[in-house]
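1. Dropping the sequence and predicted coords here.
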Amino acid sequence: MRKFLISAEQILTFICLMLYSGTPLDAFLTDGFTVREGDRTIFRLLYTFTYIVTLSLIALRWKKVTYVFRRDKFIWILIGVCALSSFWSSDPDTTIRRVIALVGTSMFGLYLASRYTLKEQLKLYAYMFGISAVMCFLFAIFIPQFGVDFGATTSWRGIYQTKNVLGKRFVLSETIFLFLAITTKENRWFSWLGYIASGVLVLLSKSTTSLGNFIIITVAFLIYYRILHLKYKVMIPIVTLLATFGIAFYTWFLSQADTILGSVGKDTTLTGRSDLWPAVLDMIAKKPWLGYGYGAFWEENGESSIVIQTVQWNAPNAHNGFLDLWLGLGLLGVLVFLIGFVINLLRSIYLIRWNQTFANLWLLLYLTYIIISNLTETTLLEQNSLEWILYVSAILSSKLPARANL
C-alpha cells in the first residue's frame, strides 16, 4: 500500500510539472492556435487543481516543509511585497488573483524541495522534457498545422503557442540534460540524447535568442565545472581571458549587427524590443519606487495601453524580466529580489570553490539561466511558471544538508 501511495504521489507531481511546463491542450482548444484567445477557464481549473494537490501533499509532511521554508527568507519577503502591492496597484483585483496564483506556484517549488532530493527533482524534470520533446516532434511531423508556424519563415513551435516559447522551453531543457549528463553516470545516454534533442528543437524553432542562450549556457557550465575549483593563480587568468574574449566578441557583434541579423532575416531592433524598452522605462519613471502592482501593468485597457500606442504593436510584456519586475513592484521589489539573488549566487560560487557540491553547482547554473533568459524574455516571478518553481526549489534545495540531495 505504501509503495502504491508513493507512486501515486510521484504521478501527481509529474502531472503538475507537465501542466506548468505546457501541454498540447492549448493547441487543441484554439484549433492549432488559429483562435486568438481560447477559453482559459479549463486552465484556471487545472492550476487550481495543482494548488489543491500541493497544499494536500504539504500537509502530509508539514514539519519537513516548515524546516525547508525557513532556509531562505528573501523568496517569501518578495512574495510578501507582491501581496502588499495590492494596496497601491492600478488594478487591485488582478493583483490579488495573481498573488494567490504566485503563492500556489511557490508552494509547489517548496514541496519539491522538501519531498524530493535534488537528483530526484532533476530526473523528474528530465523525464517531463523528454516526453515534451517527443510530443513536439510528433506535432510538427504529423500535425504540422498545429506544430509548425507557416509565417514569414517556416519554424517549429511544437506543442507551444509560438516558436519563441518552444525555444525558451528547450533552452531550459538543455540546461537540465547537460547538467545530468556531466555530473551523473546513471542513464548518461538518455541525458545526452535529451541535450541533443533540445538543441535540435531550438534550431528548428529558428529563435535567434534561444540559440544564443543555448550556446551561452553550455559554455558557462563547462567553465563552472572545470575552472571554478582551480587555484586562484590559475583560475583568475583563465576567467580574465574568457571575459576579454567575450567582451571583444560582443563589441564585434554590435558593430556588425546589421549585416549578421540581416543575413538571417532579423533586424537590430530585436523584434521591436529596442523600441519597447525605452517606452517601458518612461512608464517606470512615473512610478519608480513601488510600481503599478504585481501583474497589473499589462492588463488590457490598463497602463500598458500607453506603451502599446507608442510602439505600435501588442506587446504582452516588457520582454525583459527585470523591467517587468520594476514595473510591477518598483525599486523596492527589484532590490529585494537582487539582494536574495546575489547572496545565493555568491554563496554558490564560494561553496563550489571549497567543495564542488551537486546542489550548489546546479544552483549556480540555474541562476545563470535566470539572468540570461530574462534579458529578452520575461520568466521572472511569474505565477504558474515552471521557471519560478525551479528557482524556488533550487535555492531551497541548495540549503539542505548535502546528503539530502543525493
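-> Thanks, I have the structure now.

2. Same question for stretch 16-35: list its buried residues.
-> Within stretch 16-35, the residues that count as buried by 16 or more other C-beta atoms under 10 Å are 16-24, 26-27, 30, 32-33. To be clear about C-beta, it is placed using only N, CA and C from the backbone, and glycine gets the same treatment.

3. Listing request: residues of the chain with sub-threshold pLDDT.
-> Residues of the chain that meet the criterion pLDDT under 70 lie in 31-40, 152, 229-230, 232-233, 235, 239, 242-243, 246-272, 356, 402-406.

4. Could you pull out the strands in it for me?
-> For the chain, the strands defined by DSSP state E occupy 148-150, 154-156.

5. Pick out the most distant pair among the buried residues of stretch 16-35.
-> Spatially, the most separated pair among the buried residues of stretch 16-35 is 16 and 32, at 25.7 Å (C-beta to C-beta).

6. any idea how far residue 107 is from the nearest residue to residue 12 once chain neighbours are set aside?
-> Counting by C-beta to C-beta, 6 or more residues apart in numbering, residue 53 is the residue found nearest to residue 12 once chain neighbours are left out, at 5.5 Å. Taking C-beta to C-beta, to the nearest Å as the measure, residue 53 falls 10 Å from residue 107.

7. How about residue 221?
-> From residue 221 across to residue 107, the span is 29 Å (C-beta to C-beta).

8. Please apply the same query to residue 25.
-> Per C-beta to C-beta, residue 25 is found 23 Å from residue 107.

9. Equivalent analysis for residue 294, please.
-> To residue 107, residue 294 is 17 Å away according to C-beta to C-beta.

10. Between those two, which has more neighbouring residues?
-> residue 294 (28 against 20; other C-beta atoms under 10 Å).

11. ok, the more buried one touching residue 79?
-> No - the pair residue 294 / residue 79 is not scored as a contact, 9.2 Å apart, by C-beta atoms under 8 Å.

12. any residues in contact with both of the two?
-> Counting by C-beta atoms under 8 Å, 6 or more residues apart in numbering, the common neighbours of residue 294 and residue 79 are 99, 102.

13. Closest to residue 330 out of the buried residues of stretch 16-35?
-> Closest approach to residue 330 among the buried residues of stretch 16-35 (C-beta to C-beta): residue 20, at 27.3 Å.

14. Now for the nearest residue to that closest one once chain neighbours are set aside: which residues touch it?
-> Once flanking residues are discounted, residue 20 sits nearest to residue 386: 4.4 Å by C-beta to C-beta, 6+ apart. Applying C-beta under 8 Å, 6+ apart, one finds that residue 386 lies in contact with 17, 20-21, 172.

15. Let me have those in JSON lines, extended by distance to residue 111.
-> Shown next, in JSON lines, are the contacts of residue 386 (distance: C-beta to C-beta, whole Å):
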{"residue": "17", "distance to residue 111": "11"}
{"residue": "20", "distance to residue 111": "12"}
{"residue": "21", "distance to residue 111": "16"}
{"residue": "172", "distance to residue 111": "20"}
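
16. Mind jotting down where the helices sit in the stretch 101-250 of the chain?
-> 118-142, 144-147, 163-183, 188-205, 208-226, 232-255 (DSSP state H, counting those that start in this stretch).

17. if we can go back for a sec, number of nearby residues for the residue nearest to residue 12?
-> 18.

18. ok, now the one 3 residues further on?
-> The burial count assigned to residue 56 is 12, neighbours taken as other C-beta under 10 Å.

19. go on, residue 214?
-> Counted by other C-beta under 10 Å, the residues lying close to residue 214 total 25.

20. which ones are touching it?
-> Residues in contact with residue 214 (C-beta under 8 Å, 6+ apart) are 171, 174, 198-199, 202.

21. Kindly report the same for residue 399.
-> 71-72.

22. got TSV for the contacts of residue 214, with neighbour count and distance to residue 69 too?
-> Shown next, in TSV, are the contacts of residue 214 (neighbours: other C-beta atoms under 10 Å; distance: C-beta to C-beta, whole Å):
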residue	neighbour count	distance to residue 69
171	28	30
174	27	31
198	25	32
199	20	37
202	26	36
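
23. so how far is residue 340 from residue 367?
-> 11 Å.

24. Check residue 42 too.
-> Distance of residue 42 to residue 340, computed by C-beta to C-beta: 34 Å.

25. Neighbour count: these two, which is higher?
-> Neighbour count, other C-beta under 10 Å: between residue 42 and residue 340, residue 340 has more, with 18 against 12.

26. can you tell me which residues contact the nearest residue to that one once chain neighbours are set aside?
-> Closest residue in space to residue 340, ignoring its immediate chain neighbours: residue 74 at 2.7 Å, by C-beta to C-beta, 6+ apart. Listed by C-beta under 8 Å, 6+ apart, the contact set of residue 74 reads 336-337, 339-341, 343.

27. For residue 106, give me its contacts.
-> So residue 106 contacts 75, 79, 388-389, 392 (C-beta under 8 Å, 6+ apart).

28. which of those tops the neighbour count?
-> In terms of neighbour count, residue 389 stands highest of these at 25 neighbours, by other C-beta under 10 Å.

29. show me what contacts the residue lying closest to it once chain neighbours are set aside?
-> Once flanking residues are discounted, residue 389 sits nearest to residue 109: 4.3 Å by C-beta to C-beta, 6+ apart. Listed by C-beta under 8 Å, 6+ apart, the contact partners of residue 109 are 388-393, 396.

30. same question, residue 306
-> With C-beta under 8 Å, 6+ apart, residue 306 has these contacts: 279, 283.

31. got a list of what residue 64 touches?
-> 114-115.

32. let me fix that: residue 178
-> Contacts for residue 178 (C-beta under 8 Å, 6+ apart) come out as 191, 195, 217-218, 221.

33. out of these, which are buried?
-> Neighbour-count burial (16+ other C-beta under 10 Å) is assigned, among these, to 191, 195, 217, 221.
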